[in-house]
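K.L.:
Build me a model:
(one chain, ligands or ions: 1)
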Amino acid sequence: MRKIKGWKMIAVIASILLVSGCGAGGTSTGGNSQPDGSGNGASEGPSYTFRLAEAHPADYPTTKGDIRFAELVKERSGGRITIDVFPSAQLGEEKAAIEQVQLGAIEFTRVSTGPMAEFNKDFGVFSLPYIFDNDDHVWRFLLGETGMGLLDTLQSSGLQGLGWYSSGSRSFYSSKPLAGIEDLKGLKIRVQENKLNLAIMDALGASATPMPYGEVYSSLQTGVIDAAENNYPSYYSSKHYEVAPHLLLDSHQRVPEVLLVSKTVWEKLSKEDQEIIRQAALDSIEFQREEWAKYEKESEEAVRAAGVTITEVTDLQPWKDAVKPVIEEYRSEFSDILDAIEAAK
Ligand code: GTR
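P.N.:
Numbers count the residues shown, from 1 in each chain. Sure thing, here's the model as predicted:
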């Protein structure tokens, strides 16, 4: 490595800080002022460089949504606010990323509402099986008053929700033949980390193994687990289909994605900057949904071409009957939200 000495070193550090708008240690909420003289209101004010943690690779639809969000923020802040997207869980697995965002150590993240249930009780509702009929139903709820209101309830958990992204529906896949509900009995199934999933697997006669997403491939490969569950895009992009080539399309959950900012960071921003960020998040939703629709199709085609055995569930009644006790157990906990979901049908 080339050595940089003395004043040269100081100049390099100073220019990094000037460009990034960061204080020492990369904490950027101190907000170094960097007027650009354009006279445009949005471009006047402090400069920031923030980080956004994303579990999926760069070409995945959620990551593309994050990038679009960051571009809109940059453009509308006149270049003052930079959000660097870190894909592929470089900043940690989802649960750890949420904790870091709560602390303000990472400013933004895109996560599934699955693990969010452990941070905010209301978010558990999304893990209840068969509460939505299809994706349109999900979106009518998310963009309605109760759905949008849920983004603000996160404040009590040290977070602020900014918007929702698509995640389709989740189905089971296994390294063992899987053709019907009876095949789940006795299987060790990896689930997203929240307690509702334990109850659901129990109701299906399986045993739940919560673990981070990044550990699922090797756990399937080595037989630590027999099965997992996810949507087509994750099944394909994570390559789980290579080690669990039997897919059973039961669509038991529709667990949307959510874009989050740390509450500590949020509260240090001016009202104008909050507005730029909030609106950019909302404006990135449509693009993410289009990317989702395309990739969902591509990934389905790709796993079919790879020879995965795919069984469509034609009669969902036995599935709904099996998980009914879970819904009954949790109905009172989520009654207002469940009413709003019902009304969005
Ligand atoms: C995906 C979701 C990820 C992660 C993953 C999982 O559908 O997009 O954020 O939650 O599921 O199962 O852990």
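
K.L.:
Please count neighbours and contacts with C-alpha atoms only from this point.
P.N.:
OK.

K.L.:
For the residue of the stretch 1-150 of the chain found nearest the ligand, give me its contacts.
P.N.:
For the stretch 1-150 of the chain, the residue positioned closest to the ligand under C-alpha to the nearest ligand atom is S112, at a distance of 4.3 Å. By C-alpha atoms under 8 Å, 6 or more residues apart in numbering, the residues touching S112 are 255-258.

K.L.:
which residues of the stretch 151-300 of the chain fall in strands?
P.N.:
Remark: strands of the stretch 151-300 of the chain, listed N- to C-terminal, are 159-165, 170-174, 188-191, 207-210, 227-230, 246-253, 257-262; assignment by DSSP state E, counting those that start in this stretch.

K.L.:
Would you mind pulling up the elements that the third one packs against?
P.N.:
Going back to what we said before, that points to strand 188-191. Contacts defined by 3 or more C-alpha pairs under 8 Å, 6 or more residues apart in numbering; DSSP states H and E place strand 188-191 against helix 195-203, strand 207-210, strand 227-230.

K.L.:
hey, where'd the helices end up in the stretch 101-250 of the chain?
P.N.:
Along the stretch 101-250 of the chain, counting by DSSP state H, counting those that start in this stretch, helices occupy 113-116, 135-142, 145-153, 195-203, 216-222, 232-237, 240-243.

K.L.:
Summarise which helices and strands the third one is packed against.
P.N.:
Contact here means 3+ C-alpha pairs under 8 Å, 6+ apart; on that basis helix 145-153 packs against strand 159-165.

K.L.:
From the contact counts, what lies against the strand it packs on?
P.N.:
When contacts are defined as 3+ C-alpha pairs under 8 Å, 6+ apart, strand 159-165 packs onto helix 145-153, strand 257-262, helix 263-268, helix 271-305.

K.L.:
distance of the residue most central in space within the chain from S175?
P.N.:
Most central residue of the chain, judged by C-alpha distance to the mean C-alpha position with C-alpha atoms, centre = their mean, is V111 at 2.3 Å. Look at V111 and S175: by C-alpha to C-alpha, to the nearest Å, they are 26 Å apart.

K.L.:
for the stretch 101-250 of the chain, which spans come out with low pLDDT?
P.N.:
Scanning the stretch 101-250 of the chain for pLDDT under 70 picks out no residues.

K.L.:
what residues does it put near the ligand?
P.N.:
Contact residues, the stretch 101-250 of the chain versus the ligand (C-alpha under 6 Å from any ligand atom): 111-112, 192, 212-213, 230-231, 234.

K.L.:
for the closest residue to F132 other than its chain neighbours, what are its contacts?
P.N.:
The shortest distance from F132 to any non-neighbouring residue, by C-alpha to C-alpha, 6 or more residues apart in numbering, is to V138 (6.1 Å). With contacts taken as C-alpha under 8 Å, 6+ apart, V138 has the following neighbours: 132, 254, 341.

K.L.:
The first one: neighbour count?
P.N.:
I take that to be F132. For F132, the count of nearby residues is 23 (other C-alpha atoms under 10 Å).

K.L.:
Let me know which of the helices and strands packed on strand 188-191 is tucked in deepest.
P.N.:
Looking across these with neighbours counted as mean count of other C-alpha atoms under 10 Å, the highest average goes to strand 227-230: a mean of 27.

K.L.:
With only the CA atoms kept, save that strand in PDB.
P.N.:
What follows is the C-alpha trace of strand 227-230 in PDB, where atoms were taken according to Å, rounded to 0.1, in the frame of the first residue of the first chain:
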ATOM      1  CA  ALA A 227     -37.400 -27.700   4.300                       C
ATOM      2  CA  ALA A 228     -37.900 -23.900   4.200                       C
ATOM      3  CA  GLU A 229     -40.500 -21.600   2.700                       C
ATOM      4  CA  ASN A 230     -40.400 -18.400   0.600                       C
END
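
K.L.:
which helices and strands sit right next to it?
P.N.:
Using 3+ C-alpha pairs under 8 Å, 6+ apart as the contact criterion, the neighbours of strand 227-230 among helices and strands are strand 170-174, strand 188-191.

K.L.:
will you turn those into CSV that also has mean neighbour count?
P.N.:
Conversion of the helices and strands packed on strand 227-230 to CSV gives the following (neighbours: other C-alpha atoms under 10 Å):
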stretch, mean neighbour count
strand 170-174, 23
strand 188-191, 24
